[in-house]
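Trainee: Predicted model, plus sequence, below.
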Amino acid sequence: MKAKKATTVDQQFTAEQQQNNAVLSVFTQLTEAARAVVSNFETRKYRTSVLVNHLPNPNNNLVQEYISYFFNITLTRNRNSLLLIYIGFDSEAVSRFGTMIHNQFIRQVMKLTMKEQTTVDIESCIRVDANTKDIRGFFYRRLAEGENDNVAFIIDEPTPSTE
């Protein structure tokens, strides 16, 4: 029996590859959404974020990481080589600024990752930590270590609030 040829690019990729491509795309969208949520702050440190490329380190499953004063969004690979996104929130940021920023970002996460929004259902690839933690300390350490080939700093220009 003759094998059927793939007629679209999507058919050439396995289901796992399609899922990983969708998760990678959503990771990029989530980092942009996180930056947009905090872009109205006048204080520079609140608009600063760190993007870490973990691929050169073969000793871990981390792929990429977005870190800011408020959020940590981590793209990682599980033991089956499927991409997952972990999202965490900083304890002091939530207590200092309240839950409004936290809630705005959660709404963006849900909007971008619901199965109706993506070509492949990736809802099971998103993990939001229910408990806040010390992300701020990790953020400051990364800033102190400076930029290099695998670490980039992003400082967004302030965007006035539309409210």
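Mentor: Right, received. Where do you want to start?
Trainee: show me where this structure has strands.
Mentor: All strands of the chain, identified by DSSP state E, fall at 48-53, 62-68, 71-77, 83-89, 126-128, 151-155.
Trainee: out of those strands, nearest to residue 38?
Mentor: Taking C-beta to C-beta, strand 62-68 is the member of the strands of the chain nearest to residue 38, at 6.7 Å. In short, each C-beta sits where N, CA and C put it, glycine included.
Trainee: partners of the closest one in the sheet?
Mentor: strand 48-53 (antiparallel), strand 71-77 (antiparallel) (DSSP bridges).
Trainee: Dump the ones you listed to a markdown table, plus mean pLDDT, mean neighbour count and distance to residue 91.
Mentor: What follows is the strands paired with strand 62-68, written out as a markdown table (pLDDT from 0 to 100; neighbours: other C-beta atoms under 10 Å; distance: least, C-beta to C-beta, whole Å):
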| stretch | mean pLDDT | mean neighbour count | distance to residue 91 |
| --- | --- | --- | --- |
| strand 48-53 | 95 | 19 | 18 |
| strand 71-77 | 96 | 21 | 12 |
